[in-house]
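Participant: Sequence first, then the predicted structure:
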Amino acid sequence: MNGLLVKNGGLLSSIQDSGRVGLCDIGLTQSGAMDELAFGYANMLLGNPLNTPCIEIAYGGAIFEVKGEISLVVCGAQIELTCNDISLALWQTHTLKNGDILKFDFASEGNFAYLGVAGGFDIRKEYASFSTCIKEGLGGFEGRKLRKDDFLRTPHKIFKERRKLKNELLPTYPKELNLRVLLGYQENCFSKESKEIFFSSTYTYDGVGDRMGYRLSGESIKSNRDGILSEAISFGSIQVPPSGEPIILLKEHQTIGGYPKLGALITPDCFRLAQLRSGGKVTFEAIELQEAQEITKKFYQAFR
Amino acid sequence: MNFEVVLASENAFILYFGDKIDPKISSEVQKSYQALKRVNIKGLQEIVPSYASLYIQYDLFLFTYQEALELVKATIQKATCKEQKEQKIIHLPVYYGKEVGLDLEDLARAKELSVEEIISLHVKEIYSVYAIGFAPGFTYMGQIDARLQTPRLANPRKNVPKGSVAIADRQTAIYPLKSPGGWNILGRTPKSMFDTTYEGLSFLHVGDLVKFESINKNEFLVLGGEL
């Protein structure tokens, strides 16, 4: 039988694709890969269809044993990766044989790495997606993170040539990010002064975050509303609770919520933020709708 | 129908029909939501109604912002010209026993009402489903009688049992799955709210009309309720 046997699930490893679209109206969050750039490159290198599920390995620590023969790739966070204790390069494909032990150390730069296999994993879609939604216990592998003795079947699909991501495409995971914001939602409830503070301050990510979203610390900003009537939340929304410290909502965010929102990060910048390590710094810059759309379209066109 | 349009992200916008919980506003949201769901336009990826707003996420590769907005506006206008057919009321059995209505007695004391009065105030209204969120199938319904209006618990429970029927402010809701929660629990329904065998996965949908029916313990158990 061809597949990957989980010897150690690490801190948080789960099956993800690009997410579950169209069910927010019944309360199902979109979920999906926290960094679609690394996820997209993994599938591109393997020649998989764009939305083929990968194992998202958060922070590292996972160990797998190969059963049969598998062509695979690991893209994303800088992680010391070994096969039978011999170093293995990220961002390029490898073919591993029966009994090989694939081991992830802990990430030194970035948070999320994607382990993709040629042909994808043999699992069923749930609610039109392969993505695991851990909070609700659905999708992916039994609706949960991977743990010891889970067996992920893969088709026997091998390719001989080694494919490698071009150097100029290799992402970096800097400790400081400038993130682009499209103002919207309740932006009018924030005073001119509050917006100036927001766009001129440096915020810190203290590691208070998960797949739902990241809370940032720094200069607090105030809206003239403590709460609003609950309404739908977009991916990347900048939510400002009464404490005044912004929370950026990411892949597994709740579908509706009642805190005022200043707007949203553009999609590719949500993926950059997802890879920011605890202690990392963030500044914000406002951009216009047309520019935001062009950047996001260009991002996805790279994989088309 | 009047609404304000505000950007929500580079591929989403939100229509505001008002800024308060009001049956008239909510009915406009629901009509618009149902019209958009009915025509099922490829490229409108998410259509998410709430109390006074309707959120639309669209595919950037199929529509510009203006195109998506015009399409949504046209669909909504067409729908409102048509007469709405009369809506069926969904009756939901609830067991209001003390062992499942965890906050009944505290609430009775706080409101200076008997437990029976609380139950009769809760079952007499026909509620409208305003929004679904927080968790899959978690339905926000309103409005409850002003005499029952009560804040959320100061200390939310870590585990609210599945099927719990609860109130907070002027709203009532059902917890579809065991989850943490801070609403005041009045009873429990044996009916499953979220199930893969349901069309649309959720038993209730935004715009549905709901009336609770008080049942006894035996009926609750016969209907598959769990204590």
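Facilitator: Yep, it's here.
Participant: When you work out contacts or count neighbours from here on, use the C-alpha atoms and nothing else.
Facilitator: OK.
Participant: Okay, now the sheet partners of the lowest-mean-pLDDT helix or strand in chain B, with direction.
Facilitator: Lowest on mean pLDDT, DSSP states H and E among the helices and strands of chain B sits strand B:179-181, with a mean of 85. When pairs are called by DSSP bridges, strand B:179-181 turns out to pair with strand B:157-160 (antiparallel).
Participant: rewinding a little: in the least confident helix or strand of chain B, what counts as buried?
Facilitator: residue B:181 (16 or more other C-alpha atoms under 10 Å in any protein chain shown).
Participant: hmm, who's touching it?
Facilitator: Here strand B:179-181 makes contact (C-alpha atoms under 8 Å, 6 or more residues apart in numbering or on different chains) with B:156-162.
Participant: just stretch B:207-216 next, same as before
Facilitator: Applying C-alpha under 8 Å, 6+ apart, the contact partners of stretch B:207-216 are B:27, B:30-31, B:87-97, B:119, B:122-130.
Participant: PyMOL command for the buried members of these?
Facilitator: Buried members of the contacts of stretch B:207-216, defined by 16+ other C-alpha under 10 Å, are picked up in PyMOL with:
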select buried, chain B and resi 27+30+31+93+94+95+96+97+119+122+123+126+127+128+129+130
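Participant: How about residue 223, nearest residue that isn't a chain neighbour?
Facilitator: If you meant another chain, say so; for now it's chain A. Taking C-alpha to C-alpha, 6 or more residues apart in numbering or on different chains, and ignoring the residues beside it in sequence, residue A:223 has residue A:190 as its nearest neighbour in space, at 4.3 Å.
Participant: Actually, chain B is the one I wanted.
Facilitator: Closest residue to residue B:223 apart from its sequence neighbours, by C-alpha to C-alpha, 6+ apart: residue B:190 at 6.1 Å.
Participant: wouldn't that neighbour be in contact with residue B:100 here?
Facilitator: No: using C-alpha atoms under 8 Å as the test, residue B:190 is too far from residue B:100 to be in contact (11.3 Å).
Participant: for chain A, longest helix please?
Facilitator: Looking across chain A with DSSP state H, the single longest helix is helix A:289-301.
Participant: Could you check that one against chain B for contacts?
Facilitator: Yes: for helix A:289-301 and chain B, the contact criterion (C-alpha under 8 Å from any C-alpha of the partner chain) is met by A:289, A:292-293, A:297.
Participant: Closest to residue A:9 out of those?
Facilitator: residue A:297 (34.3 Å; C-alpha to C-alpha).
Participant: For residue A:68, see how far away that closest one is.
Facilitator: 39 Å (C-alpha to C-alpha, to the nearest Å).
Participant: what's the helix or strand for residue B:128?
Facilitator: In this structure, residue B:128 is located in strand B:127-132 according to DSSP states H and E.
Participant: Past that strand, which element shows up next along the chain?
Facilitator: Next helix or strand after strand B:127-132 toward the C-terminus (DSSP H and E): strand B:139-142.
Participant: who's in contact with that following strand?
Facilitator: The set of residues external to strand B:139-142 that reach it, using C-alpha under 8 Å, 6+ apart, is B:127-133, B:170-175, B:204-206.
Participant: picking that back up, how about the residue nearest to residue B:223, secondary structure?
Facilitator: coil (DSSP: H, G, I helix; E, B strand; the rest coil).
Participant: need the contact list for it.
Facilitator: Here residue B:190 is in contact with B:93-94, B:163, B:220-221, B:223-226 (C-alpha under 8 Å, 6+ apart).
Participant: What subset of these is buried?
Facilitator: Among the contacts of residue B:190, those scoring as buried are B:93-94, B:163, B:220, B:225 (criterion: 16+ other C-alpha under 10 Å).
Participant: Tell me the one of those residues nearest chain A?
Facilitator: Using C-alpha to the nearest C-alpha, residue B:163 is the member of the buried ones among the contacts of residue B:190 that sits closest to chain A, with 15.7 Å.
Participant: Just to check, the closest one is in contact with residue B:191?
Facilitator: Yes: between residue B:163 and residue B:191 there is a contact under C-alpha under 8 Å: 7.2 Å.
Participant: Flag every residue of the stretch 1-150 of chain A that's near chain B.
Facilitator: Residues of the stretch 1-150 of chain A found near chain B (C-alpha under 8 Å from any C-alpha) are A:21-28, A:136.
Participant: mind listing the strands for the stretch 101-250 of chain A?
Facilitator: For the stretch 101-250 of chain A, applying DSSP state E, counting those that start in this stretch gives strands covering A:101-104, A:109-117, A:151-153, A:176-183, A:203-209, A:213-217, A:231-232, A:237-239, A:247-249.
Participant: Show me what stretch B:70-80 is in contact with.
Facilitator: Residues contacting stretch B:70-80 (C-alpha under 8 Å, 6+ apart): B:1, B:31-32, B:35-36.
Participant: In helices only, show me those residues.
Facilitator: Reading helices off those with DSSP H, I get B:31-32, B:35-36.
Participant: Phi, psi for the nearest residue to residue B:200 once chain neighbours are set aside please.
Facilitator: With sequence-adjacent residues excluded and distances taken as C-alpha to C-alpha, 6+ apart, residue B:200 is closest to residue A:26, at 8.0 Å. Per-residue torsions, residue A:26: phi -110, psi 20 (degrees, to the nearest 10).
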